[in-house]
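**Student:** got a predicted model here, sequence first, then my questions.
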Amino acid sequence: MKSVEIYTTPTCGFCMMAKRLLDKKGVAYAEVDVSRDPSRRQAMMSRAHGRHTVPQIFVGDTHVGGCDELYALEQSGKLDPLLTAE
């Protein structure tokens with residue numbers, strides 16, 4: 001399975017929803033809290049092509065986007081292949 005990284009803040013409802021979906025699927029992920037470290041938020045924005053909202057989700061080198069995009073991939077049946085692609 002590809003590595004998953006999710007940039008979050010502690011009070012973000014969309015972050016919680018995204019993590020809940022990943023947890024339900026048994027997907028391990030690295031969580032990066034950007035709330036107290038401006039350099040982490042800058043790194044997230046650089047990787048996410050300027051997007052500054054959380055969550056920002058990455059599967060391997062692929063920028064998935066936010067919570068809505070993660071759920072759209074799941075509903076279209078494209079999330080599992082993305083997670084397991086070589």
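**Tutor:** Nice, thanks for sending it over.
**Student:** and R36, helix, strand or coil?
**Tutor:** Secondary structure, DSSP: H, G, I helix; E, B strand; the rest coil: R36 is coil.
**Student:** what helix or strand is the spatially most central residue of the chain on?
**Tutor:** Closest to where the C-alpha atoms of the chain average out (Cα atoms, centre = their mean) is I57, at 1.9 Å. Element membership of I57 [criterion: DSSP states H and E] is strand 56-59.
**Student:** again with E5
**Tutor:** With DSSP H and E as criterion, E5 is part of strand 4-8.
**Student:** before we move on, the earlier item: so what strands line up beside the next helix or strand after the strand holding I57?
**Tutor:** Moving toward the C-terminus from strand 56-59, the next helix or strand (DSSP H and E) is strand 62-65. Its sheet considered, strand 62-65 pairs with strand 56-59 (antiparallel) by DSSP bridges.
**Student:** related to what we said a few turns ago, who's the residue nearest to the centre of the chain bridged to?
**Tutor:** Under DSSP bridges, the beta-bridge partners of I57 are I6, G65.
**Student:** any idea of the pLDDT on it?
**Tutor:** You'll see I57 listed with a pLDDT of 98.
**Student:** and it, what does it touch?
**Tutor:** By Cβ atoms under 8 Å, 6 or more residues apart in numbering, the residues touching I57 are 4-7, 18, 63-67, 69-70. Using the backbone N, CA and C atoms, a C-beta is placed for each residue, glycine as well.
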